[in-house]
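> build me a structure from this.
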Amino acid sequence: MNIRNNYKRPIKILTWHIHGSYLYYLTQTPCVFYLPVKDNKEEGYGGRAGAFPWGENVQDVPATAVKDLDFDVILFQSKKNYLEDQYEILSEKQRSLPKLFLEHDPPRETPTDTKHVVEDPSMRIVHVTHFNNLMWDNNSTPSKVIEHGVIVPGSVQYTGELEKGIVVINGLAKRGRRLGLDIFEKVREEIPLDIIGMGSEEVGGLGEIPITVLPSFISKYRFFFNPIRYTSLGLAVCEAMTIGMPIVGLATTEMSVSIQNGISGYVHTNIDFLIDKMKGLLADKEQADNLSRGAKQRAEEKFNIARFSQDWINTFEEALGQVKKPQNFEKVKTGGV
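Residues are numbered from 1 along each chain as shown. Purely as a prediction, here's the structure:
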């Protein structure tokens, strides 16, 4: 992966471990990432946790030692990071460094009138979808969008041999209507569905599948079903598309512009329409294979890891006052970097 860095050395980023999968993809960017760590398992302080194959550019740092290190950019990823953590672990000098806020989610209080926690013209809010950027009131803070970039093993390809759909959601029983618990239960009455993820056993699911085998596990299912009403575009959807899985889901949030009906899957706000399309995919493997090709092509265009990394390099350089130059990115297909 050929990523151009106009800075004279690797950029040093302090950030927190908030969303493991996103952090793993972010750290494919050729920077050095420092993750503060605490022993008490406090939110954001897990460091190089999980089964991710972290690179040497990702370094754990005791939270108490952060003040003694030199960074170039501070990257917040949660309200707590911004309102509490920076004042606890950063020095006054470090708090004057260039700062970015990575916003993972759409607004929760109200879809259209929620003000973002950051109101600082000298910072920038980075949203992961255009929908999120549209819905947040970003105050006087400049904002931009960096769409997801993902990697799946090149050896994993969609087969669709199982005449079932797969759902990947953590904590569906507890998260209820927003994540589509009622929709999942309605669809499951007519369509064979398996669900995986933390706590999925509570809704008759198969439990959590290790991330290292997750792509190959889901690739055997006929289609990926996403019943979520209102959240950001899930990385599980992006990864499933990259494998080449047809996607079926609600035409809400960023899903409405990520899936093309009849090309990479089906999205709609009519659940009966979606049930009918799922029945069609179960009955017609050739149709599913056609959608598979469309999903894979769309993922290579939209969720390209080289484009994602170059977007982040450009954003860090902008924060450092570097002149942004037009650059081409190398298209990276499945198989990693």
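
> which residues of the stretch 151-300 of the chain fall in strands?
Listed in chain order, the strands found in the stretch 151-300 of the chain under DSSP state E, counting those that start in this stretch are 162-168, 193-196, 221-226, 247-250, 265-268.

> mean neighbour count, those strands: which tops it?
Of the strands of the stretch 151-300 of the chain, the one with the most neighbours on average (mean count of other C-beta atoms under 10 Å) is strand 221-226, at a mean of 27. C-beta coordinates here come from the backbone N, C-alpha and C atoms, glycine included.

> now what about that one, what contacts it?
For strand 221-226, the external contacting residues (C-beta atoms under 8 Å, 6 or more residues apart in numbering) are 160, 162-168, 180, 187, 191, 193-194, 218, 234, 236-237, 240, 245-250, 255, 265, 278, 281-282, 285, 288, 291.

> ok so, going back, a markdown table for the strands of the stretch 151-300 of the chain, including mean pLDDT and distance to W312?
Formatted as a markdown table, the strands of the stretch 151-300 of the chain follow (pLDDT from 0 to 100; distance: least, C-beta to C-beta, whole Å):
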| stretch | mean pLDDT | distance to W312 |
| --- | --- | --- |
| strand 162-168 | 98 | 25 |
| strand 193-196 | 98 | 29 |
| strand 221-226 | 98 | 26 |
| strand 247-250 | 98 | 25 |
| strand 265-268 | 98 | 28 |
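
> mind listing what's buried in stretch 240-257?
By neighbour count, and taking 16 or more other C-beta atoms under 10 Å as the criterion, the buried residues in stretch 240-257 are 240-255.

> next one: stretch 312-322
312-319.

> now tabulate these in a markdown table and tack on secondary structure and pLDDT.
As requested, the buried residues of stretch 312-322 are exported to a markdown table (DSSP: H, G, I helix; E, B strand; the rest coil; pLDDT from 0 to 100):
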| residue | secondary structure | pLDDT |
| --- | --- | --- |
| W312 | helix | 98 |
| I313 | helix | 97 |
| N314 | helix | 97 |
| T315 | helix | 98 |
| F316 | helix | 98 |
| E317 | helix | 97 |
| E318 | helix | 96 |
| A319 | helix | 97 |
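
> give the contact list for the residue lying closest to E119 once chain neighbours are set aside.
Spatial nearest neighbour of E119, chain neighbours left out: N139 (3.9 Å); criterion: C-beta to C-beta, 6 or more residues apart in numbering. By C-beta under 8 Å, 6+ apart, the contact set of N139 is 115-116, 118-119.

> for those residues, pick the one with the most neighbours.
V118 (22 neighbours; other C-beta atoms under 10 Å).

> please enumerate the helices of the chain.
For the chain, the helices defined by DSSP state H cover 20-26, 79-80, 86-89, 130-135, 172-175, 181-188, 214-218, 235-243, 255-258, 271-283, 285-302, 305-319.

> packing partners of the first one?
Applying 3 or more C-beta pairs under 8 Å, 6 or more residues apart in numbering; DSSP states H and E, one finds that helix 20-26 makes contact with helix 235-243, helix 305-319.

> so what touches the shortest one?
With contacts defined as C-beta under 8 Å, 6+ apart, helix 235-243 is touched by 21-22, 25, 148, 150-152, 156-158, 168-169, 214-215, 218-219, 224, 226, 247, 249, 255, 258, 264, 295-296, 298-300, 302-303, 334.

> what about the nearest residue to V156 once chain neighbours are set aside, how many neighbours?
Distances taken as C-beta to C-beta, 6+ apart put P215 closest to V156, at 4.4 Å, once the chain neighbours are dropped. Look at P215: counted by other C-beta under 10 Å, it has 23 neighbours.

> so what's P215 up against?
Residues in contact with P215 (C-beta under 8 Å, 6+ apart) are 152-153, 156, 239, 243.

> kindly report the same for V267.
Neighbour list for V267: 247-251, 255-256, 259, 261, 274 [criterion: C-beta under 8 Å, 6+ apart].

> can I get the residues you listed in JSON lines with distance to K80?
As requested, those are exported to JSON lines (distance: C-beta to C-beta, whole Å):
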{"residue": "I247", "distance to K80": "32"}
{"residue": "V248", "distance to K80": "35"}
{"residue": "G249", "distance to K80": "30"}
{"residue": "L250", "distance to K80": "29"}
{"residue": "A251", "distance to K80": "33"}
{"residue": "M255", "distance to K80": "28"}
{"residue": "S256", "distance to K80": "31"}
{"residue": "I259", "distance to K80": "33"}
{"residue": "N261", "distance to K80": "39"}
{"residue": "L274", "distance to K80": "36"}
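
> quick check, nearest of those to Y230?
Y230 lies nearest to L250 out of these, by C-beta to C-beta, at 9.0 Å.

> enumerate every residue touching that closest one.
If you count contacts by C-beta under 8 Å, 6+ apart, L250 has them with 180, 183, 226-229, 267-269, 274.
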